[in-house]
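Novice: quick one: sequence plus predicted model below, questions after.
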Amino acid sequence: MNASGASLLDRPLPPGAVLASPAAVCARLREWGIRACCLEDPARINPSAGSPEVGTVRELLDAVVAENHSYRWDLTAVGLINVFPSHSVLDDRVDPLEIDSEGLWRVLDDRLRLQDHGMELFQEFVDGDGPPVSVSLPRGSLRDALNALVAPIDAAVWHISGSPGGWFLTVSSTA
(Lines give C-alpha, C1' and ligand atoms only; values in the text may rest on other atoms or scores of the structure.)
Protein backbone atom coordinates (compact mmCIF):
# COMPACT_ATOMS: atom_id res chain seq x y z
CA MET A 1 0.00 0.00 0.00
CA ASN A 2 1.34 3.44 -0.83
CA ALA A 3 1.67 6.28 1.67
CA SER A 4 -1.49 8.06 0.48
CA GLY A 5 -3.49 4.83 0.90
CA ALA A 6 -2.12 4.37 4.40
CA SER A 7 -2.94 7.96 5.33
CA LEU A 8 -6.51 7.58 4.01
CA LEU A 9 -7.04 4.42 6.05
CA ASP A 10 -5.50 5.97 9.15
CA ARG A 11 -7.58 9.14 8.82
CA PRO A 12 -9.45 9.87 12.07
CA LEU A 13 -13.21 9.86 11.78
CA PRO A 14 -15.51 12.52 13.20
CA PRO A 15 -17.43 11.43 16.30
CA GLY A 16 -20.82 9.84 15.81
CA ALA A 17 -22.44 6.46 15.57
CA VAL A 18 -22.19 4.46 12.36
CA LEU A 19 -24.20 1.28 11.94
CA ALA A 20 -21.85 -1.52 10.87
CA SER A 21 -23.72 -2.38 7.69
CA PRO A 22 -21.83 -2.15 4.39
CA ALA A 23 -24.20 0.40 2.83
CA ALA A 24 -24.34 2.57 5.97
CA VAL A 25 -20.56 2.57 6.33
CA CYS A 26 -20.03 3.52 2.67
CA ALA A 27 -22.69 6.22 2.84
CA ARG A 28 -21.02 7.72 5.92
CA LEU A 29 -17.56 7.56 4.31
CA ARG A 30 -18.96 9.35 1.23
CA GLU A 31 -20.44 12.05 3.51
CA TRP A 32 -16.89 12.60 4.75
CA GLY A 33 -15.62 12.96 1.16
CA ILE A 34 -14.08 9.48 0.95
CA ARG A 35 -14.65 7.58 -2.29
CA ALA A 36 -16.31 4.36 -1.07
CA CYS A 37 -18.07 1.93 -3.43
CA CYS A 38 -20.36 -0.85 -2.23
CA LEU A 39 -22.39 -3.86 -3.28
CA GLU A 40 -25.30 -4.10 -0.85
CA ASP A 41 -26.77 -7.63 -0.72
CA PRO A 42 -29.53 -7.76 1.93
CA ALA A 43 -29.32 -11.56 2.10
CA ARG A 44 -25.70 -11.33 3.30
CA ILE A 45 -25.99 -8.45 5.76
CA ASN A 46 -26.18 -8.99 9.50
CA PRO A 47 -29.45 -7.25 10.46
CA SER A 48 -28.33 -6.94 14.08
CA ALA A 49 -25.00 -5.25 13.31
CA GLY A 50 -24.19 -2.72 15.98
CA SER A 51 -22.48 0.64 15.99
CA PRO A 52 -18.83 -0.06 16.72
CA GLU A 53 -16.54 2.32 18.57
CA VAL A 54 -13.95 3.25 15.95
CA GLY A 55 -11.46 6.02 15.45
CA THR A 56 -10.12 5.58 11.91
CA VAL A 57 -11.35 4.63 8.45
CA ARG A 58 -9.48 1.30 8.69
CA GLU A 59 -11.12 0.47 12.05
CA LEU A 60 -14.56 1.23 10.60
CA LEU A 61 -13.94 -0.98 7.57
CA ASP A 62 -12.60 -3.79 9.77
CA ALA A 63 -15.68 -3.48 12.00
CA VAL A 64 -18.12 -3.78 9.07
CA VAL A 65 -16.49 -6.99 7.82
CA ALA A 66 -16.33 -8.37 11.37
CA GLU A 67 -20.11 -7.88 11.66
CA ASN A 68 -20.82 -9.10 8.10
CA HIS A 69 -18.68 -12.20 7.67
CA SER A 70 -19.25 -12.70 3.93
CA TYR A 71 -18.04 -9.16 3.23
CA ARG A 72 -14.55 -7.82 2.68
CA TRP A 73 -13.03 -4.44 1.89
CA ASP A 74 -10.27 -3.31 -0.40
CA LEU A 75 -8.47 -0.07 -1.18
CA THR A 76 -7.95 -0.21 -4.93
CA ALA A 77 -4.92 1.02 -6.85
CA VAL A 78 -7.06 3.89 -8.17
CA GLY A 79 -7.88 5.10 -4.64
CA LEU A 80 -11.41 3.77 -4.26
CA ILE A 81 -12.51 1.86 -1.19
CA ASN A 82 -14.65 -1.15 -2.14
CA VAL A 83 -16.91 -2.95 0.37
CA PHE A 84 -18.41 -6.09 -1.15
CA PRO A 85 -19.35 -9.71 -0.49
CA SER A 86 -16.99 -12.48 -1.47
CA HIS A 87 -18.27 -14.44 -4.45
CA SER A 88 -20.70 -11.99 -6.00
CA VAL A 89 -21.69 -10.54 -9.37
CA LEU A 90 -18.59 -8.36 -9.03
CA ASP A 91 -16.52 -11.47 -9.80
CA ASP A 92 -18.14 -11.82 -13.24
CA ARG A 93 -15.52 -11.72 -15.98
CA VAL A 94 -15.58 -8.93 -18.55
CA ASP A 95 -13.82 -8.71 -21.89
CA PRO A 96 -11.21 -6.07 -22.64
CA LEU A 97 -12.53 -2.73 -23.87
CA GLU A 98 -10.92 0.34 -25.40
CA ILE A 99 -12.99 3.38 -24.53
CA ASP A 100 -12.15 6.78 -25.99
CA SER A 101 -14.20 9.72 -24.75
CA GLU A 102 -17.51 7.85 -24.60
CA GLY A 103 -20.36 8.69 -22.22
CA LEU A 104 -20.29 6.59 -19.07
CA TRP A 105 -24.00 5.64 -19.19
CA ARG A 106 -23.62 4.36 -22.76
CA VAL A 107 -20.42 2.48 -21.85
CA LEU A 108 -22.13 0.78 -18.90
CA ASP A 109 -25.23 -0.22 -20.86
CA ASP A 110 -23.89 -0.88 -24.35
CA ARG A 111 -20.22 -1.79 -23.94
CA LEU A 112 -20.06 -3.38 -20.47
CA ARG A 113 -23.53 -4.86 -21.03
CA LEU A 114 -24.87 -4.58 -17.50
CA GLN A 115 -27.93 -6.65 -18.41
CA ASP A 116 -25.64 -9.67 -18.97
CA HIS A 117 -24.77 -9.41 -15.27
CA GLY A 118 -28.39 -9.20 -14.10
CA MET A 119 -27.96 -5.48 -13.54
CA GLU A 120 -29.51 -2.27 -14.73
CA LEU A 121 -28.32 1.29 -14.46
CA PHE A 122 -30.37 3.40 -12.06
CA GLN A 123 -30.43 7.09 -12.83
CA GLU A 124 -32.64 9.61 -11.14
CA PHE A 125 -31.72 12.28 -13.67
CA VAL A 126 -30.51 11.37 -17.16
CA ASP A 127 -27.93 13.70 -18.65
CA GLY A 128 -27.25 12.49 -22.19
CA ASP A 129 -24.75 9.65 -22.39
CA GLY A 130 -23.10 10.60 -19.09
CA PRO A 131 -19.69 12.08 -18.37
CA PRO A 132 -17.06 11.17 -20.98
CA VAL A 133 -14.55 8.49 -20.03
CA SER A 134 -11.42 7.22 -21.75
CA VAL A 135 -9.92 4.02 -20.37
CA SER A 136 -8.32 0.83 -21.54
CA LEU A 137 -9.97 -2.06 -19.68
CA PRO A 138 -8.07 -5.34 -19.72
CA ARG A 139 -9.91 -8.63 -19.31
CA GLY A 140 -10.83 -8.80 -15.64
CA SER A 141 -13.65 -8.69 -13.15
CA LEU A 142 -16.74 -6.51 -13.25
CA ARG A 143 -15.48 -4.84 -10.05
CA ASP A 144 -12.18 -3.94 -11.76
CA ALA A 145 -14.10 -2.49 -14.72
CA LEU A 146 -16.42 -0.40 -12.53
CA ASN A 147 -13.47 0.95 -10.55
CA ALA A 148 -11.56 1.86 -13.74
CA LEU A 149 -14.61 3.59 -15.20
CA VAL A 150 -15.44 5.80 -12.21
CA ALA A 151 -11.87 6.50 -11.04
CA PRO A 152 -11.12 9.27 -13.56
CA ILE A 153 -14.38 11.10 -12.77
CA ASP A 154 -13.74 13.46 -9.88
CA ALA A 155 -15.43 12.22 -6.65
CA ALA A 156 -17.46 9.51 -8.48
CA VAL A 157 -18.39 6.23 -6.80
CA TRP A 158 -20.48 3.19 -7.72
CA HIS A 159 -23.11 1.53 -5.54
CA ILE A 160 -24.98 -1.69 -6.32
CA SER A 161 -28.18 -2.63 -4.51
CA GLY A 162 -31.00 -5.10 -5.04
CA SER A 163 -30.60 -8.85 -5.16
CA PRO A 164 -29.00 -11.43 -7.49
CA GLY A 165 -30.49 -11.13 -10.97
CA GLY A 166 -32.13 -7.82 -10.04
CA TRP A 167 -29.20 -5.53 -9.28
CA PHE A 168 -29.29 -1.76 -9.68
CA LEU A 169 -26.07 0.16 -10.31
CA THR A 170 -25.97 3.81 -9.25
CA VAL A 171 -23.06 6.10 -10.02
CA SER A 172 -22.97 9.15 -7.76
CA SER A 173 -20.55 11.62 -6.21
CA THR A 174 -19.11 12.27 -2.78
CA ALA A 175 -19.29 16.01 -3.42
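Specialist: Arrived safely.
Novice: host element of the residue nearest the centre of the chain?
Specialist: Ranked by distance to the mean C-alpha position of the chain (C-alpha atoms, centre = their mean), the top residue is residue 37 at 1.9 Å. Using DSSP states H and E, residue 37 maps to strand 36-39.
Novice: partner strands of that strand, with direction?
Specialist: strand 81-85 (parallel), strand 156-163 (parallel) (DSSP bridges).
Novice: what angle sits between the helix or strand just after it and strand 81-85?
Specialist: Once the chain leaves strand 36-39, the next helix or strand it forms, by DSSP H and E, is helix 57-67. Here the directions of helix 57-67 and strand 81-85 differ by 0 degrees (axes from the mean of the first three to the mean of the last three C-alpha atoms, to 10 degrees).
Novice: now for helix 57-67, which elements pack on it?
Specialist: Using 3 or more C-beta pairs under 8 Å, 6 or more residues apart in numbering; DSSP states H and E, the elements in contact with helix 57-67 are helix 3-9, helix 22-31, strand 71-75, strand 81-85. The C-beta positions use only the backbone N, C-alpha and C, and glycine is treated the same way.
Novice: buried sites along the strand holding residue 37?
Specialist: 36, 37, 38, 39 (16 or more other C-beta atoms under 10 Å).
Novice: with distance to residue 79 and pLDDT added, can I get those residues in TSV?
Specialist: Converted to TSV, the buried residues of strand 36-39 look like this (distance: C-beta to C-beta, whole Å; pLDDT from 0 to 100):
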residue	distance to residue 79	pLDDT
36	11	97
37	11	98
38	16	97
39	18	97
